[in-house]
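1. please find the sequence and the predicted model below.
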Amino acid sequence: MSTDGGPLLDLVSRVPTGPDSLRLRVLHLLVHESIRYERTYFPGTPSEILTRGTGDCKAFAQVFCAGARHLGFPAKVVHGLLASPDGYYAHAWVTVRTPNGWQEWDPTSSYPFPDARYLRFSVPREAASAFDGELAIFSLDSIRVWARPGIDLAP
């Protein structure tokens, strides 16, 4: 397990022992409170992002992903779109593997759990940095559509 230094280790050290759901919820809260959202992305390691204290959704996702990995959870940054009343926006969040399966977390949002407004475009096989999958965001090979019986998807 690799980390990139002090600020990330300091943040992760504040996560208590206990059930996985508690540890991930506290990690979400710590990451969300440690970074002020700014639309411009500035590359950096998770510790550099924490030291700067600002970042876009990719920065939040990168820090949360690194923190989850440090806690022993396999994690990947996810790229896609987030629907809002005024349109769709490129967005990044994290998927974390727990004993209950893969769970989605959005550290940019104060509400940690992605819902139907999130459209996943890519999950890179190797998620080593915030830019993984950035160019693949327009690759539609990983989109899945589910419909309940009785719902007509025809135009």
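-> Received the coordinates, thanks. Residues are numbered from 1 along each chain as shown.
2. all helices of the protein, in order?
-> 6-13, 20-34, 46-52, 57-70 (DSSP state H).
3. tell me the pLDDT of Ser122.
-> pLDDT for Ser122: 61.
4. mind putting the helices of the chain in a markdown table, distance to Tyr88, mean pLDDT and mean neighbour count included?
-> Quick note: C-beta positions are derived from backbone N, CA and C, even for glycine. Below are the helices of the chain laid out as a markdown table (distance: least, CB to CB, whole Å; pLDDT from 0 to 100; neighbours: other CB atoms under 10 Å):
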| stretch | distance to Tyr88 | mean pLDDT | mean neighbour count |
| --- | --- | --- | --- |
| helix 6-13 | 31 | 96 | 16 |
| helix 20-34 | 22 | 97 | 18 |
| helix 46-52 | 25 | 96 | 21 |
| helix 57-70 | 13 | 97 | 27 |
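5. distance to Ser110 added to those, as a markdown table?
-> Shown next, in a markdown table, are the helices of the chain (distance: least, CB to CB, whole Å):
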| stretch | distance to Ser110 |
| --- | --- |
| helix 6-13 | 17 |
| helix 20-34 | 6 |
| helix 46-52 | 18 |
| helix 57-70 | 11 |
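6. closest one to Pro112 among those?
-> For the helices of the chain, the distance to Pro112 is smallest for helix 20-34, at 4.4 Å, taking CB to CB.
7. among the helices of the chain, which is nearest Gln103?
-> Closest to Gln103 of the helices of the chain, according to CB to CB: helix 20-34, at 7.6 Å.
8. run the angle between the closest one and helix 6-13 for me.
-> For helix 20-34 against helix 6-13, the angle by axes from the mean of the first three to the mean of the last three CA atoms, to 10 degrees is 140 degrees.
9. need the residues that contact helix 20-34.
-> Under the criterion CB atoms under 8 Å, 6 or more residues apart in numbering, residues 11-12, 14-17, 50, 53, 60, 63-64, 67-68, 71, 73, 96, 98-100, 103, 105, 107-110, 112 lie in contact with helix 20-34.
10. now do 6 Å
-> Contact with helix 20-34 is made by Leu11, Arg14, Val15, Leu50, Val63, Phe64, Gly67, Leu71, Thr98, Trp105, Pro107, Pro112, as judged by CB atoms under 6 Å, 6 or more residues apart in numbering.
11. farthest pair in these?
-> Using CB to CB, those reach their maximum pairwise distance at Leu50 and Thr98, which is 23.8 Å.
12. thanks a lot, see you next time.
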